[in-house]
Each structure stands twice: as C-alpha cells, then as structure tokens.
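Student: When you get a sec, could you give me coordinates for this:
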Amino acid sequence: MQRPFEGIRVIDATHVLAGPFAAYQLAVLGADVIKVEHPLDPDQSRLTGPDRALGKRQMGTSYLTQASNKRSLTLDLKQAAGQDVFKKLVATADVLVENYRPGALDALGLGYEAMAGINPRLIYASMSAFGQRGPRAPQTAYDYVIQATSGIMAMTGTPEVNPVKFGSPAIDYATGTTGAFALASALFQRERTGRGQRVDLAMLDVAIILMGSHLTGYLRNGQHPKPNGNVNEQATASCYATRDGLLMLGASNMRQYRRFWRVLGRPDLIQPTAEAREHARAAETALIAELLMERSAAEWEDFFQSRHVPAARVRSMGEALEDPHLAGRGVTHRHAGATDVEGAFTVPVAAFSFADGGPRVDTPPPGLGEHTAEILAELGYGESEQQRLRAAHVI
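Tutor: Have a look, this model is predicted:
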C-alpha cells in the first residue's frame with residue numbers, strides 16, 4: 001500500500017534536532033525530503049554525537065538519527081544565485097520547513113509571503129524557540145534553555161536536588177513530533193481548501209502543552225508543582241529500593257491499589273476511599289519499602305506484572321534496548337552503512353505502525369551535498385550551469 005506522503009515534496013531547511021526530526025517523520029512515511037544546507041556551514045548536528053570520528057566526517061550520530069530517506073542539497077542562501085535555485089525548488093514543493101531565527105529568511109527575500117507568491121499551495125512551517133510573534137520572538141534557545149524558561153526544570157528533580165533538566169532532549173523531540181503533526185494537518189486541510197498556509201510552531205508552546213495537567217492545576221489553585229523525584233502521590237505508585245535495584249510501582253487507581261494489597265496477601269490494608277488512602281500514605285510507604293527488600297527488582301517485576309499490577313525495574317537505556325519486546329515493534333532500523341560511515345548503525349523510525357503503508361526506512365542518511373547534482377538536474381540546471389554555481393561556492 002502507498003504510504004501517506006508519497007508524492008509530497010518537503011524542503012527541509014532546518015538544523016539541530018527539532019526541525020530535522022519533524023521532516024524525518026514525513027520522510028519515513030514516503031515524502032521526498034530534500035535537506036538544504038550551506039556548503040561550508042552545514043547542520044551542526046552533523047558534527048555532534050559520541051562518535052567523534054563520524055563528527056569529523058560531518059556524519060555525526062546526532063545527524064544520522066534523523067536523516068534517513070532524505071536527499072542532501074548544498075546551497076548558499078545568502079547569494080542571489082542560491083536564492084534563485086531555492087525559489088525554483090520551492091515552486092516544485094508541497095512543504096517548506098525552516099527553523100532560522102524569525103525574520104532571517106524574510107531578510108533574504110525567502111519569507112512566507114514571497115514563497116507563497118511563487119507557490120500558493122505551499123505549506124510554509126517556521127519552527128523557532130518562542131514563535132514568530134510576541135515580545136520574545138527574536139530570542140533564541142535550545143532544548144535545555146526552553147526547559148528552564150517554561151517551568152519544566154523547576155518541577156523536575158528531588159526536594160533536595162532541583163531544578164534538574166531532562167536527561168534526553170525531550171522538548172526537541174516533542175517539538176519535532178508536534179511539527180510533523182502540524183504539517184500533516186496542514187496538508188490534509190489543503191486537500192479541502194486547495195490553499196497552502198503558514199505554520200508557526202514554538203518550542204516554548206510545546207513545553208507548555210507538555211505540562212498540561214500541571215498547568216490547569218496551577219491556574220486553578222495557584223500551587224506550583226513541586227519536584228518530588230521518584231515519589232508520586234500514592235504510596236503504591238512510587239519508586240522503591242529492592243534487594244538489588246530500584247522498582248517503580250504503578251498501582252495508581254483504586255482498582256489497581258486494591259489488587260496490589262491483595263496479591264501481597266494484605267487485604268486488611270486496603271483503604272475504603274481515595275481520601276483515606278491519602279491519609280495512610282506514610283504508613284503504606286514504610287511498609288512497602290520494607291517488603292520490597294525481600295526480593296530483587298526483576299523478581300518483583302515478574303511477580304506484579306503476572307498479577308496485572310503495573311511495575312517495572314529501573315533499566316538503563318542499554319537494558320531497555322535489549323528487551324526482546326522491541327525487536328518486533330519496528331521502532332528502530334539498522335543500516336549496514338552509509339556515506340563515510342563504515343559499519344552498521346541503528347536509528348529510530350517512528351513511535352507507531354500501520355497495518356499497511358506505514359513508516360519505513362529505505363535509504364541511509366546522505367553525505368553533505370550527496371544529491372546536489374541530481375536535484376539541480378531535476379530543476380533544469382545543466383552541467384555547465386552547475387559548474388558555475390560550484391565555482392562560485394553557491395553549492
């Protein structure tokens with residue numbers, strides 16, 4: 001079955017993590033994604049990641065993560081000849097995604113109004129730290145700066161150690177995922193209206209949405225969410241030490257709470273109401289902490305899960321990825337190699353699957369400018385014209 005975005009062309013004029021990941025999600029669903037980078041100053045993610053040798057080759061693991069299925073075009077957008085190429089490319093595109101500082105592409109004559117004049121059906125998505133409008137629009141930020149700005153850091157950590165940022169760049173990837181959803185929605189809407197439009201996506205807005213339940217609670221009662229570390233409101237839904245590691249319990253609702261105490265042979269400890277359970281929290285915490293020291297974390301996980309009580313031992317990322325459950329889920333794809341990358345490497349694909357025509361990785365991440373000649377030829381540039389652009393360092 002045909003994938004959802006086959007026949008859709010996306011210009012990926014983004015860098016770092018959030019923007020490229022948004023375009024990548026369309027790429028694994030069949031879109032022709034053309035990544036546009038400066039020939040001498042490419043996406044900085046090409047230089048980053050734990051494999052420094054790959055970074056020196058401009059194929060860093062941060063780039064490899066979200067570049068499969070894309071084609072690479074080098075283009076200096078500050079030169080008039082580069083702008084001309086870009087405009088010809090826009091005329092053939094369905095989507096343009098950019099995450100430059102607000103106003104930067106407008107200054108080059110490549111802003112939304114100019115591009116919509118060339119291609120009225122174009123979806124022009126601008127991703128930035130604070131959005132295209134508002135007092136902070138000109139400011140810039142990265143994931144961890146947005147974590148600090150949004151309030152997420154302040155609620156993360158323990159009562160003794162806080163604020164603490166997330167271990168992963170979760171805001172970046174949440175922004176990328178939201179971006180893909182926004183692009184898919186805009187394309188669907190275009191099918192009904194026949195018109196393209198501007199999409200304004202801010203990392204700060206995404207961070208606010210990620211705190212949705214906390215936001216509503218705070219705006220209702222004015223109480224700031226507190227950093228509670230691994231402790232939740234219920235004693236039966238918190239983290240505890242076991243004989244050899246940590247176990248996170250998830251018996252949250254009253255039905256799971258009652259089952260928790262029954263499988264431990266202590267139905268006498270079941271409280272009749274959520275309020276009574278709250279009052280018994282301290283006593284329950286002390287008893288659970290004592291009980292869980294009797295077995296290993298793995299033993300307790302097996303014990304509770306086999307009895308339909310949510311629980312999991314705390315794993316490292318390596319342990320999580322070795323779980324045989326993931327093998328058949330299609331969440332990752334293993335490449336045999338790529339340009340300037342010797343040996344196999346694994347990349348994420350998508351967090352969902354379809355029965356037919358779903359996300360799939362077809363081609364490895366491209367080297368810088370690997371498809372420049374191919375794409376220029378598609379736009380009508382002959383070999384002599386390409387040579388002139390190359391000599392002027394436009395491509």
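Student: Does the residue nearest the centre of the chain belong to a helix, a strand or coil?
Tutor: For the chain, residue 173 is the residue whose C-alpha lies nearest the centre (CA atoms, centre = their mean; 1.7 Å). Here residue 173 is helix, with the state taken from DSSP: H, G, I helix; E, B strand; the rest coil.
Student: That one and residue 20 touch, don't they?
Tutor: No - counting by CB atoms under 8 Å, residue 20 is not a contact partner of residue 173; they are 10.7 Å apart. Quick note: C-beta positions are derived from backbone N, CA and C, even for glycine.
Student: Tell me how far the residue nearest to the centre of the chain lies from residue 246.
Tutor: 25 Å (CB to CB, to the nearest Å).
Student: What of residue 296?
Tutor: The gap separating residue 296 from residue 246 is 11 Å, by CB to CB.
Student: can I assume residue 290 sits in a helix?
Tutor: Yes - the assignment for residue 290 (three-state DSSP) places it in a helix.
Student: can you pull out the strands in the protein?
Tutor: Under the criterion DSSP state E, strands of the chain are mapped to 9-13, 32-37, 70-74, 95-98, 123-128, 197-202, 239-241, 246-249, 311-313, 332-335, 345-348.
Student: Can you list the neighbours in contact with the helix or strand of the chain with the lowest mean pLDDT?
Tutor: Least confident helix or strand, the chain: helix 324-327 with a mean of 92, by mean pLDDT, DSSP states H and E. Residues from elsewhere that reach helix 324-327, judged by CB atoms under 8 Å, 6 or more residues apart in numbering: 320, 332.
Student: Recalculate using a threshold of 7 Å.
Tutor: Helix 324-327 has contacts (CB atoms under 7 Å, 6 or more residues apart in numbering) with no other residue.
Student: Dump the C-alpha coordinates for that helix into CSV.
Tutor: Taking Å, rounded to 0.1, in the frame of the first residue of the first chain, the C-alpha atoms of helix 324-327 are listed here in CSV:
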residue,chain,number,x,y,z
PRO,A,324,13.2,-8.7,23.0
HIS,A,325,9.8,-7.0,23.1
LEU,A,326,11.3,-4.1,20.9
ALA,A,327,12.6,-6.4,18.3
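Student: Pull out the buried positions in that helix.
Tutor: By neighbour count on 16 or more other CB atoms under 10 Å, the buried set for helix 324-327 is empty.
Student: Could you do stretch 365-378 as well?
Tutor: Using 16+ other CB under 10 Å as the test for burial, stretch 365-378 gives 365-372, 375-376.
Student: before we move on, what about stretch 72-88?
Tutor: 72-77, 79, 82-83, 85-87.
Student: What's the local residue count around residue 176?
Tutor: 25 (other CB atoms under 10 Å).
Student: again with residue 49
Tutor: Residue 49, neighbours per other CB under 10 Å, totals 16.
Student: again, but for the one 4 residues further on
Tutor: Residues near residue 53, counting by other CB under 10 Å, number 11.
Student: now swap in residue 177 and tell me
Tutor: 17.
Student: for residue 346, same thing?
Tutor: 12.
Student: got a list of what it touches?
Tutor: 332-334.
Student: In PyMOL, how would I pick out whichever of these are buried, leaving the exposed ones unselected?
Tutor: Buried residues within the contacts of residue 346, by 16+ other CB under 10 Å, are selected in PyMOL with:
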select buried, resi 333
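Student: Could you dump the contacts of residue 346 into CSV with pLDDT and distance to residue 59 added?
Tutor: Below are the contacts of residue 346 laid out as CSV (pLDDT from 0 to 100; distance: CB to CB, whole Å):
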residue, pLDDT, distance to residue 59
332, 97, 18
333, 97, 17
334, 97, 16
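Student: Pull up the gap between residue 53 and residue 60, please.
Tutor: 10 Å.
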